[in-house]
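Trainee: Would you be able to build a 3D model of this:
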Amino acid sequence: MSLENLERLEQRITSLTEKFAALKESHEKALGDLSVRDQRIDELNDKLKEFQKSKAQIHSKIENILKRLEVMKTQSES
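Mentor: Next comes the predicted model:
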């Protein structure tokens, strides 16, 4: 192998090594972003569960009020 070929090979290896390092850094950043998003999804799921629980409680209270009003209506018609 001539010196010129070795220099081209060295440049190619250097270029590939730099690209690999950039890809690795990009991958690590993407993993970090994904972790943050996973945490946010967990937080939102917890909030959704709370809202659904509150909704069910409110629905139950409204049903009870409507039943009492119906009973009062029935009693007043008698």
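Trainee: contacting residues around the residue nearest the centre of the chain?
Mentor: The residue lying closest to the centre of the chain (CA atoms, centre = their mean) is I41, at 2.9 Å. By CB atoms under 8 Å, 6 or more residues apart in numbering, the contact set of I41 is empty. Where you see a C-beta, it was placed from the backbone N, CA and C, and this is true even at glycine.
Trainee: So it, which state does it fall into?
Mentor: Classification of I41 by DSSP: H, G, I helix; E, B strand; the rest coil places it in helix.
Trainee: how close does it sit to K55?
Mentor: I41 sits 20 Å away from K55, taking CB to CB, to the nearest Å as the criterion.
Trainee: Could you do E43 as well?
Mentor: 19 Å.
Trainee: same check, this time on S2
Mentor: Taking CB to CB as the measure, S2 and K55 are separated by 77 Å.
Trainee: Which of the two has more residues huddled nearby?
Mentor: K55 (10 against 7; other CB atoms under 10 Å).
Trainee: For whichever strand or helix holds that one, give the mean pLDDT please.
Mentor: Counting by DSSP states H and E, the element that carries K55 is helix 3-77. The average pLDDT for helix 3-77 rounds to 96.
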